[in-house]
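*Asks:* how would this look folded up:
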Amino acid sequence: MSNLETDEHKYDMVSRWVREKIVTIEIEGKPDFEVATPPDFWPDSPKETYSPEDLFVASAVSCYGASLSGVAIRFHAEFTSFTVKATGTLRKGEYGWEFEQITLSPRIVVPTQKDRKRMEKAAERAHRYCVVSNSMKCPVHLDYKIVVENI
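*Replies:* Numbers count the residues shown, from 1 in each chain. The predicted structure follows:
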């Protein structure tokens, strides 16, 4: 049975305290990495270390990018390259700070006009079925731009 045929997938990891405001994330078979409180809220936090907020937005943008790459294959939509810019907006909510929204702004370069039409569908479908975005409480907006090479 393939992994796609199961009803459940689990992602196990451990967070271990390192020192004040810093923990590691440990995932079996992968390199550990440090996570710290964001300097936005704790000015003495290390600015070069990822924060949970960084990783929250990174999970949305990386899931979309990986999904787009796979969906493009299914839609026979060729692309030369793409980049995806992401912006997460925090606002004070009823229970403290929370992400109000995330905006994903992919710029996709395709070789032909025919690929442009297919890529539009692929871009929207990748967004619709992105596991991470679908699991987030805040809305994740898509604002894509598709550019045809040499036009």
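*Asks:* in its sheet, what does the longest strand along the chain sit against?
*Replies:* Assignment by DSSP state E gives strand 96-110 as the longest strand of the chain. Looking at strand 96-110 with DSSP bridges, its partner strands are strand 81-93 (antiparallel), strand 140-142 (parallel), strand 145-148 (parallel).
*Asks:* Single out the most deeply packed of these.
*Replies:* Most buried of the strands paired with strand 96-110 by mean neighbour count (mean count of other Cβ atoms under 10 Å) is strand 140-142; its value is a mean of 18. Just so you know, the C-beta spots here come from the backbone N, C-alpha and C atoms, and that holds for glycine as well.
*Asks:* neighbouring contacts of that one?
*Replies:* With Cβ atoms under 8 Å, 6 or more residues apart in numbering as the test, strand 140-142 has contacts from 60, 64, 101, 102, 103, 104, 106, 123, 124, 127, 130, 133.
*Asks:* What is the nearest of these to residue 71?
*Replies:* residue 123 (8.2 Å; Cβ to Cβ).
*Asks:* what sits against residue 61?
*Replies:* With Cβ under 8 Å, 6+ apart, residue 61 has these contacts: 84, 85, 86, 102, 104.
*Asks:* could you say which helix or strand contains the residue nearest to the third one when sequence neighbours are not counted?
*Replies:* The shortest distance from residue 86 to any non-neighbouring residue, by Cβ to Cβ, 6 or more residues apart in numbering, is to residue 61 (3.7 Å). Taking DSSP states H and E as the definition, residue 61 sits inside helix 52-74.
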